[in-house]
Structures are given as C-alpha cells and as structure tokens.
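Undergrad: Model the structure of this input:
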Amino acid sequence: MVTRVDVNPAMIKWAREEAGLTFEDLPASLKDAEKWENGELKPTWADLRNLAKKYKRPSFFYLLSQPPKEEDDFIEFRSDDKIEEFSPNLRLEIRKAKFRRNAVIRINDTMGINHPNFSKFVSNNKNPIELARYIRDILNVSFKTQQKWIFNDNGNRNPSHNSFLNHWKEVCADLGILVFETEKVSEDEISGCSLYFDNYPIILLNGKNSYNRRIFTLMHELGHLIQGKSAICDVNKHNEKEVFCNKVAAEVLVPQDTFEEVILFTKKGDPKLGSLSNIYGVSKQTIVYRLNSLGYINEVLRNELISDIEEKNQRDKEKKILHNKKGSPKISTFIRKKKYDGIPYVKLVLNAYENEIITAPQATRYLEMPLDKFEIVDKEIWG
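TA: Next comes the predicted model:
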C-alpha cells in the first residue's frame, strides 16, 4: 500500500516559484507536481525526496504552515533597473549566500562575538575618484603591497592573478564582508551581485568568470556596498549607477596617482600591457581603458588594442571550450570550499565545530560537506 503524506500544497507551490521553476521545467519524477499544488493528490515520501532534490528544500519543509520569515523577501535591489527574472541557479546561489550569512550570525552570537558594523563605512560621496580613494584607505592596502601579490605562496610569479583575487577577498573579509562565488550561474546572466546589510553584507561573484573579471567585479560590487546599496550586475547593463561603480573599481585597482611611476612603453610608443597588467593584477582591457581615460593614449589606439585583446580572448575561450569537452579536471574539496564558500567562512565553521559550538549535523549542513572531509580541509587551511 502506498503511503501518502499530508503536506501543505501552498508550500510546494511556494518552493517551486521561489526556485524560479515552471511545471515545464520539472523532470518526469515530478509529473504530478501540479496536482500536489492544487490539493488534488498527496505526494508519497519518495515524491517528497524528489521534490527536495529539485527545489533544494528538505522533505519536512513541505509540511510547514508557512515559509521561514527570513526568506519572505527574496532580495530587495534598491535600483531603478531591477532584473525581474532570476534563473533557478541564480536564485539558489543567492539563497545559499543568505543561508551562510545566517550561519555566521548564529555562530558568532553563540560565541558572544560582536558583529562588525559595516554601516560605519557607508559614504554618500558622488565623486568616483574620491570614493575610490576612500575605499583604498579603509581597505588599508598600499600600492607596494598590491605589487607583491603577483607572487603566489611559493614565491613564484602567477600571471593568472589568482593570488590578487584571494588577497582582495581577504581584505574585504576584514571589513566584515562575506564574499562567495556561484558555481552554475551562466556568465551571460550576471557578473556579480551585492546584498547590503549593516552587518555582514554579501558580495557574490560569478565563479565562471576569469580571475581578472572577478577581481574587477569584486571592486565594482564593493562600490555598491560602500554606498549602502544592494545591486545585481547584468553583464549588459550600462546605466549610470553601473558606470559610476566601474569608475570606482578602476580607480581602486589602478590608482591614478601610482600610474606615472610605473608607466611602461615600448620603443614604438605602445604600452607594455602585460607588464602593467601584472603590476596591478587586472586585465589588459582595464589597463587600456585607464591609459585612455588618463590621457596616455588616444581613442584610436585604445580601440585597436581592445580589438586585438578581444580577438585573442575569443581564441583562448574557444580553446578552453574544446579542452573542457575532453573532461573537466576534478578539483579537491578544499579548492571547492576556498573558491565558492571562501576561507573565512570555512574557518569559522570548522573552528565552531572543533570547539563544540555547533554540532556535527550543523557543521555538515553549513559547509555542505561530509564529515569525513573535515580533517582534510582543516589541514589544507592551516597548513
């Protein structure tokens, strides 16, 4: 005899809509979802397990009388230009980011740790150059320090700029910002988004983007947060607010007052883009646009250089696609946690677990990682 569960149909409907899914998006295992939602049919426990896999909500969730209060509002982007349709993957990633933030709050509350007050850094300065310099000041990163980030932990030069990204993440974390990356969100949907809170604001980067793209997006989103705003940054947006934050990010990463001491040109008068890119840890495109905006090169040369760079990037992208078709390389659990969750968050959860602040089930849920991986990740983090 099949046992059917007395669920709340409204919760099944809410979970599907919150995940951004239509009935047409559902697999054959959920073919009766519409009947469950209208109360025509009750699901079995097996059905609820299938729902849990697709909607990313545990089976008991569908027995609740109403959604959790903390998720009543999906997200409020204080902008005139709102993206109304979110892909299921993006909705899930934002929900996961908010879940991690709640975990941080619960752990620190239990440990009696005061929450950092990010609101004290908020500024209404409308001058992008002045705001960028203010950001550099509170990040407390000197240009000499930034130049050293080209070297990885082994002392070798790292032209991929991965070390720059990690360092910028660290200094943002020092301000109480939680920085995470998405895993399955398309590059065509967003470059990143920022969720403003007085305590533990969030920056979410698109993990599919290049290191340089993520570095620039990180500073762009910081530009939104420092104004006390949440924003979602569509790659195709060129509105006034986005242009402003692009100017802020460019000045933070490539400060105007440092340019003259490092400016490098070939004998033909062309800029040494590779050298400048590695000095600042930004893309060659960013360097070209900075050279143009500061009057070092004209628009004709700027357009020629950008065209050459984009053609090369396209060729590299096509090679990467072909390479990935042969099978994407597997990455370790530690690298995954470092990339998507961020080291500060992972350290906090592991420390709380080891000191019995949280239980094993809580820790595995906060990290989405089996308990047998904890020791391996812990050793990697602490060396």
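Undergrad: Quick check: which ranges of the stretch 1-150 of the chain have low pLDDT?
TA: The stretch 1-150 of the chain contains residues with pLDDT under 70 at 1, 68-84.
Undergrad: which residue ranges form the helices in it?
TA: 9-18, 33-37, 45-55, 88-111, 128-139, 143-148 (DSSP state H, counting those that start in this stretch).
Undergrad: can you give me how far the fifth one is from the chain middle?
TA: Mean-position distance between helix 128-139 and its chain equals 21 Å (Cα atoms, centre = their mean, to the nearest Å).
Undergrad: Tell me the buried residues in it?
TA: By 16 or more other Cβ atoms under 10 Å, the buried positions in helix 128-139 come out as 128, 131-136, 139. In short, each C-beta sits where N, CA and C put it, glycine included.
Undergrad: do the first one as well
TA: Applying a neighbour-count criterion of 16+ other Cβ under 10 Å, one finds 9, 11-12, 14-16, 18 buried in helix 9-18.
Undergrad: quick one: which of the helices of the stretch 1-150 of the chain is nearest K338?
TA: Comparison of the helices of the stretch 1-150 of the chain against K338 by Cβ to Cβ identifies helix 88-111 as nearest, at 14.1 Å.
Undergrad: next one: the closest one to chain centre, how far?
TA: On Cα atoms, centre = their mean, the centre of helix 88-111 falls 13 Å from the chain's centre.
Undergrad: For this protein, just list every one of the strands.
TA: 178-182, 192-195, 202-206, 231-233 (DSSP state E).
Undergrad: Which among those strands is found nearest to A363?
TA: strand 178-182 (17.6 Å).
Undergrad: got the contact list for P128?
TA: Going by Cβ atoms under 8 Å, 6 or more residues apart in numbering, P128 touches 244, 247-248, 251.
Undergrad: Put the alpha carbons of stretch 2-12 into PDB.
TA: What follows is stretch 2-12, C-alpha atoms only, in PDB (Å, rounded to 0.1, in the frame of the first residue of the first chain):
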ATOM      1  CA  VAL A   2       1.300   3.400  -1.000                       C
ATOM      2  CA  THR A   3       1.600   5.900   2.000                       C
ATOM      3  CA  ARG A   4       0.800   9.400   1.000                       C
ATOM      4  CA  VAL A   5       1.800  12.400   3.100                       C
ATOM      5  CA  ASP A   6      -0.500  15.200   4.400                       C
ATOM      6  CA  VAL A   7       1.600  18.100   3.100                       C
ATOM      7  CA  ASN A   8       0.800  21.800   2.700                       C
ATOM      8  CA  PRO A   9       0.100  22.300  -1.000                       C
ATOM      9  CA  ALA A  10       0.900  26.000  -0.700                       C
ATOM     10  CA  MET A  11       4.400  25.200   0.500                       C
ATOM     11  CA  ILE A  12       5.100  23.000  -2.600                       C
END
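Undergrad: thinking again about what came up before, most surrounded residue in the contacts of P128?
TA: For the contacts of P128, the largest number of neighbours (other Cβ atoms under 10 Å) sits with V248, at 27 neighbours.
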